[in-house]
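1. Generate coordinates for the sequence data below:
(one chain, ligands or ions: 1)
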Amino acid sequence: MTSMFDHPTPPSVKFDEKLVGKLVNFDVREDIPDQWRNTPIEAFIMSQNFGWPVQTTGQPQVLIATCIEFRYSMPVPRNYAYVIRRASGRVIGSEFSVGYTMAKGVKYLLLIGHNDCGMSKVSSVASDVVDAFVEQGWRRETAEEYVRKHGNRHAIKDELESLKDEYLRLRKIFPRLKIAPLFVCLYDSKLYLPKWYEELDRALRYEVNFEVPDDLIRGLP
Ligand SMILES: [Zn+2]
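-> From the prediction side, this is the model:
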């Protein structure tokens, strides 16, 4: 017998063919990249993966950006972090919010992607989204036009690739913000390091442009 409390087990990154060999475990504290040691990034990883309590100071230095996904809940006590949750976890369109949190002392951005993201299947739910708007009183044609436009903006092809693209985009816009791209497994909420991170970070370390081009800023949505 099923009840409203039954729900399917969330999928694991370990059984996702797309992700095989593309994530690095944090088995011990030493697996955390050197540049994140003794920072709030390390504290978050230790909390999420090893259950360490998060120390709060009341002066948050961390902004966490992740997906609206209901199967992921973060270990975030009050006074610890600012949070942006948007479909797919990308910050695009919320750059002003990032600016606000930086003005309030944020120095670190945790950018967290996840497996089995609904935004990688937007085309299959697009007609349901249109129906949802129509039920609200939108004209069907207008709703379809809106969903075409915004569905494309929100859709991603691959969760890990989209995390990389957003990481690279944000590095250019906020070159002094320390950004940690992480990937969370919906099955057990464990964080992983994308395999591309360390090599990419090494390659780009000396290529940072601290003068952000006007065009890049004016082109933000
Ligand atoms: Zn998602």
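
2. Could you report the neighbour count for Lys107?
-> Here the number of neighbours of Lys107 (other CB atoms under 10 Å) works out to 15. For glycine as for every other residue, the C-beta is placed from the backbone atoms N, C-alpha and C.

3. Could you do Leu186 as well?
-> Leu186: 20 surrounding residues under other CB under 10 Å.

4. which residues touch the closest residue to it other than its chain neighbours?
-> Of all residues not flanking Leu186 in the chain, Pro10 sits nearest, at 3.9 Å (CB to CB, 6 or more residues apart in numbering). For Pro10, the contacting residues are 71, 116, 186-187, by CB atoms under 8 Å, 6 or more residues apart in numbering.

5. closest to Ser88 among those residues?
-> Ranked by distance to Ser88 (CB to CB), the contacts of Pro10 are led by Asp116 at 12.1 Å.

6. Assign the residue nearest to that closest one when sequence neighbours are not counted to helix, strand or coil.
-> Spatially, and ignoring its direct neighbours in sequence, Asp116 is nearest to Pro11 (4.8 Å; CB to CB, 6+ apart). Using DSSP: H, G, I helix; E, B strand; the rest coil, the structure places Pro11 in coil.

7. what's near enough to touch Pro11?
-> Going by CB under 8 Å, 6+ apart, Pro11 touches 115-116, 186-187.

8. Pull the distance from the helix or strand that contains Val24 to the chain's centre.
-> Element membership for Val24, per DSSP states H and E: strand 23-25. Between the centre of strand 23-25 and the centre of its chain there are 16 Å (CA atoms, centre = their mean, to the nearest Å).

9. ok, residues contacting it?
-> Outside strand 23-25, the residues that touch it by CB under 8 Å, 6+ apart are 13, 31, 160, 183, 192-195.

10. now with 10 Å?
-> For strand 23-25, contacts defined as CB atoms under 10 Å, 6 or more residues apart in numbering pick out 13-14, 16, 31, 33, 49, 115, 160, 182-183, 185, 190-198.

11. now do stretch 161-169
-> Applying CB under 10 Å, 6+ apart, the contact partners of stretch 161-169 are 18, 22, 65, 88-92, 95, 109, 111-114, 117, 119-120, 155-158, 179-183, 194, 196-197, 200-201, 204, 216, 220.

12. Now, of these, which are buried?
-> Buried by 16 or more other CB atoms under 10 Å: 22, 65, 88-92, 95, 109, 111-114, 117, 119-120, 155-156, 179-183, 194, 196-197, 200-201, out of those.

13. Restricting to those, which residues neighbour the ion?
-> Restricting the buried ones among the contacts of stretch 161-169 to those near the ion by CB under 5 Å from the ion leaves Cys117.

14. can you pull out the strands in the chain?
-> Taking DSSP state E to define them, one finds strands in the chain at 23-25, 62-66, 81-85, 108-114, 178-184, 191-194.

15. Most neighbours of all the contacts of Pro11, which one?
-> Asn115 leads the contacts of Pro11 on contacts (other CB under 10 Å) with 26 neighbours.

16. OK, contacts around Ile45?
-> Contacts here follow CB under 10 Å, 6+ apart; on that basis Ile45 touches 26, 29, 31-33, 36, 39, 52, 110, 180, 182, 190-193.

17. Tell me the one of the residues you listed nearest the ion?
-> The shortest approach to the ion among the contacts of Ile45 belongs to Leu182, at 13.8 Å (CB to the ion).

18. Which one of the strands of the chain lies nearest to Phe133?
-> With CB to CB as the measure, strand 81-85 is the member of these nearest Phe133 (21.0 Å).
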